[in-house]
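Engineer: Predicted model and sequence below, questions to follow.
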Amino acid sequence: MLDLLSKALVDMIARGRVARNQELLMPDELLAKARAGDPEVPMLAREWIAEELARRIADAWDRHGAPSVVKDTQNERFVAYYETPWREANLEASSKREAYRQARTAWLKEILLAEG
């Protein structure tokens, strides 16, 4: 997926279809090399995208904590809890693994879709 995203980004830069606010997010080195047609740009873009995703996830983990799971002994179900800047949520599942997976997925999606 990172390969596809990096190639699309490089193509957008090469065609001049990157908005000014998007350019501000990207490292100057990446933009300059992309405009110059440097062949290492797809790898640089891939690394930059991965670094940005990892940074956003790590920052959110530090600020909001990781999702957690507890067993509801009355209903024999597992309840996962997660918190983002916008809301707190609970999810239920029949297994601890599934509850945790659902909560991690929802938490990550909200963090990655956040502006900024």
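Structural biologist: Yes, it's here.
Engineer: what pLDDT, on average, does stretch 63-79 get?
Structural biologist: Mean per-residue pLDDT for stretch 63-79: 91.
Engineer: repeat for stretch 42-59
Structural biologist: 90.
Engineer: switch to numbering from 211
Structural biologist: New numbering, starting at 211: the last item is stretch 252-269.
Engineer: Which segments of this protein make up each domain?
Structural biologist: 212-272, 275-323 (automatic domain parsing).
Engineer: Would you mind giving those as a markdown table with mean neighbour count added?
Structural biologist: Just so you know, the C-beta spots here come from the backbone N, C-alpha and C atoms, and that holds for glycine as well. A markdown table is the format used below for the domains of the chain (neighbours: other CB atoms under 10 Å):
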| stretch | mean neighbour count |
| --- | --- |
| domain 212-272 | 14 |
| domain 275-323 | 15 |
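Engineer: Tell me where the chain has helices.
Structural biologist: 212-224, 230-235, 238-245, 251-274, 306-323 (DSSP state H).
Engineer: Arrange those in CSV, one row each, with distance to residue 293 as further columns.
Structural biologist: Below are those laid out as CSV (distance: least, CB to CB, whole Å):
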stretch, distance to residue 293
helix 212-224, 28
helix 230-235, 26
helix 238-245, 33
helix 251-274, 5
helix 306-323, 8
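Engineer: Residue 283: which of those helices is closest?
Structural biologist: helix 306-323 (12.9 Å; CB to CB).
Engineer: same question for the closest one, mean pLDDT?
Structural biologist: Helix 306-323 comes out at a mean pLDDT of 92.
Engineer: now it against helix 251-274, angle please.
Structural biologist: 110 degrees (axes from the mean of the first three to the mean of the last three CA atoms, to 10 degrees).
Engineer: now helix 306-323: how far from the chain's centre is it?
Structural biologist: 12 Å (CA atoms, centre = their mean, to the nearest Å).
Engineer: what residues does that helix touch?
Structural biologist: Helix 306-323 has contacts (CB atoms under 8 Å, 6 or more residues apart in numbering) with 263, 266-267, 270, 276-279, 281, 287-292, 294, 296-297, 299, 301-303.
Engineer: Thank you, goodbye.
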